[in-house]
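Participant: Fold the following, please.
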Amino acid sequence: MLYTYSFQNKKRDLSDVLSTVIKDEPRFISLFMPSEDATQQKHEWLEDQLSGRSVTVSEVSNGTLLTSSSDLAKLKIGTLLVIKDDSALFRVTTLNSNGFTLTLVGANGSETEMPTAGDVLSIVSTPVQEGSTAGDGDETGLTGQTAFNCTQIFRKDIILSGSALAINVFGTVDNQLNKQTGFALGELARDLNRVALFGRRIEATASTRGEAGGLYFFGCNSNALVVDASGNTFDSVAVNDAAQAVLGAGGDPSLILCSPSQARVLSNEYKSQLQIVRSDDRRGAYVAVIVNEINGRGMTVMADPDMPDTDAWIVDPAGFGLASLKGRAITDSDATPKGFDGIKRMALGEVTFLFKNANARLCRVKNLKNSVNALSELRG
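Facilitator: Numbering: from 1, shown residues only. Model (predicted):
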C-alpha cells in the first residue's frame, strides 16, 4: 500500500465507541442499552409478565362476573379489589374457568353493592396467611410468550484520499482516520435512531435484505395502546391519559417522546407556574421533567428532531435493548484496494432492537394539533 498507519490490516471493535456516541446523542436511540447478543437473524425474546393491576368485567351472569382469561389469571381467592372511582372494597370468594364472584367486605362510605358490566376493578392486594407455601402469592415472571425482531446490516465506508492525507489537517494518518471514524459512527447513530423509530421488520432471505422493526412497527399494532388527541394541543391531559394506559397495562411510564416543537408546547402549559427568585441565574419556560398525576412519579421529556410533529409517545424504556448478531458487532477493518490513491476502511455490523412488552410499555398520542398553530395560539 502507498500509505501506512498503526492499525493497518487490523480489525477494531467499535462497540464501546458506538455505545459512547449513542449515549451522548440526546435522541431516542440513547434509550437502547446493549443487550445479549442475537444468535440468529430472527432474534426472539421472552416477554416479561407485566400484568396490569386491574380487571375489566365484561358481563355479569347469575352473580358471576365474567372477564378475559388474562384478567382472570391475576386473581386468587381472597384478592381484594375496588371499582375504579369508587371506595367499596370487595373480596374474591370463588374462581372458575369463566369468571369469579365477589363479596362486599367494606363499604368505605360507598353505596355500591356489586360491580356491573364494563366496570374496571383495581387490585388492592392478595392477603397471604401465615406459613404460606409456593403458589399462594401473586405470580410474576416470564410469560412463555415470545416476540421477535430481525437483524439489519449497517455499513459505513471511510475514505481518505491521497490529497486529504497530504494536506494533513488533523495531524497524522492515525488521527485523520480516527476523526473520520468518529464522523462515520455519529452518522451511524443517527441512522440507528431513525430505524429505531420508523423501521419495518423484514426477515432476511436469499433474495431479501433483513430490516429491523422500530417504535412505530411495534407500537401501532391492533392491540397497542393509543390516545387520540383529536386535534387538541399537546398538554398534561393527553400525557396523563397515556400514562394511565401504560400504568394500567403494567408498565411504568417514565418518558415523554415528542418533537422539539411539541416539547415547547408542553412547556408553555407550565409557564405561568414557574417562579423566578433573585438567586436564579437562568430564566426560561422549558420543562424537562413532568410529574404525572397517576402515580406522582417524574416523566422525562425527550425532544427528538426525527419525531413526527403531530405524534408523541409515553413509554417505559425498561424494555428497550440493542443486540448485535453474535460475532457481528460494529467493527472497522481495512478495505483499501490495490493501487488506490488513499486509504479506505469499512465500518460494518449487524444489529437489531428489542421492544419487550411493547403492548404494555408503549402508548402513542396521535392527532395532536400542529405545533406551529399551537405555538401561534400560545403567543397570541
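
Participant: Backbone torsions only: list them for Asp304.
Facilitator: phi -110, psi 120 (degrees, to the nearest 10).

Participant: mind listing what's buried in the lengthiest strand in the chain?
Facilitator: Longest strand in the chain by number of residues, with DSSP state E as the criterion: strand 342-355. Going by neighbour count (16 or more other CB atoms under 10 Å), the buried part of strand 342-355 is 342-343, 345-355. Every residue, glycine included, has its C-beta placed from N, CA and C.

Participant: biggest separation within those residues, which pair?
Facilitator: The largest separation in the buried residues of strand 342-355, counting by CB to CB, is between Gly342 and Phe355 at 41.1 Å.

Participant: related to what we said a few turns ago, following the longest strand of the chain, which helix or strand shows up next?
Facilitator: Using DSSP states H and E, the next helix or strand after strand 342-355 towards the C-terminus is helix 358-361.

Participant: Break the protein into its domains for me.
Facilitator: Domain segmentation of the chain under automatic domain parsing yields 12-48+146-272+284-379, 54-126.

Participant: Parallel or antiparallel, which strands does the longest strand of the chain pair with?
Facilitator: Paired strands of strand 342-355, with direction, are strand 152-161 (antiparallel), strand 320-324 (antiparallel), strand 331-334 (antiparallel) (DSSP bridges).

Participant: ranking the domains of the chain by burial, who's on top?
Facilitator: Stretch with highest mean neighbour count among the domains of the chain: domain 12-48+146-272+284-379 (a mean of 18; mean count of other CB atoms under 10 Å).

Participant: Give me the spatial nearest neighbour of Ser261, chain neighbours excluded.
Facilitator: Of all residues not flanking Ser261 in the chain, Ser371 sits nearest, at 3.4 Å (CB to CB, 6 or more residues apart in numbering).

Participant: residues contacting that neighbour?
Facilitator: For Ser371, the contacting residues are 234, 259, 261-262, 264-265, 309, by CB atoms under 8 Å, 6 or more residues apart in numbering.

Participant: Which single one of the buried residues of strand 342-355 is nearest to Arg53?
Facilitator: Nearest to Arg53 among the buried residues of strand 342-355 is Phe355, at 22.1 Å by CB to CB.

Participant: that's a strand at Leu257, yeah?
Facilitator: Yes. Checked against DSSP: H, G, I helix; E, B strand; the rest coil, Leu257 lies within a strand.

Participant: Tell me the spatial nearest neighbour of it, not counting adjacent residues.
Facilitator: Among residues not flanking Leu257 along the chain, Trp313 sits closest, at 4.2 Å (CB to CB, 6+ apart).

Participant: Now do the contacts for the one you found.
Facilitator: Neighbouring residues of Trp313 by CB under 8 Å, 6+ apart: 215, 219, 242, 256-258, 362-365.

Participant: Pick the one among the buried residues of strand 342-355 closest to Ala117.
Facilitator: Phe355 (33.6 Å).

Participant: Enumerate every residue touching Leu95.
Facilitator: When contacts are counted by CB under 8 Å, 6+ apart, Leu95 is found next to 72, 75-77.

Participant: what do you get if the cut-off is 7 Å, keeping everything else the same?
Facilitator: Going by CB atoms under 7 Å, 6 or more residues apart in numbering, Leu95 touches 75, 77.

Participant: what about the closest residue to Ile290 other than its chain neighbours, distance to Ile314?
Facilitator: The spatial neighbour of Ile290 that comes closest, neighbours along the chain excluded (CB to CB, 6+ apart), is Met299 at 5.1 Å. Distance, Met299 to Ile314, using CB to CB, to the nearest Å: 7 Å.

Participant: if I look at the two, which residues touch both of them?
Facilitator: Counting by CB under 7 Å, 6+ apart, the common neighbours of Met299 and Ile314 are 243, 253, 256.

Participant: Can you add distance to Ser161 and pLDDT and give the residues you listed back as JSON lines?
Facilitator: Converted to JSON lines, these look like this (distance: CB to CB, whole Å; pLDDT from 0 to 100):
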{"residue": "Ala243", "distance to Ser161": "53", "pLDDT": "91"}
{"residue": "Pro253", "distance to Ser161": "50", "pLDDT": "91"}
{"residue": "Ile256", "distance to Ser161": "45", "pLDDT": "92"}
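
Participant: Low-confidence bits of the stretch 201-350 of the chain, can you list those?
Facilitator: Residues of the stretch 201-350 of the chain that meet the criterion pLDDT under 70 lie in 270-287, 292-296.

Participant: mind listing the helices for it?
Facilitator: Secondary structure of the stretch 201-350 of the chain (DSSP state H, counting those that start in this stretch): helices located at 215-219, 236-248, 260-269.

Participant: picking up where we left off before, I'd like to know which of the strands paired with strand 342-355 lies nearest to Gly63.
Facilitator: When those are compared by CB to CB, strand 320-324 sits nearest Gly63, at 44.6 Å.

Participant: contacts for that closest one?
Facilitator: Applying CB under 7 Å, 6+ apart, the contact partners of strand 320-324 are 31-38, 43, 349-355.

Participant: And for stretch 211-229?
Facilitator: 149-152, 195-202, 238, 241-242, 245-246, 249, 313, 352-353, 355, 358-359, 362-368.
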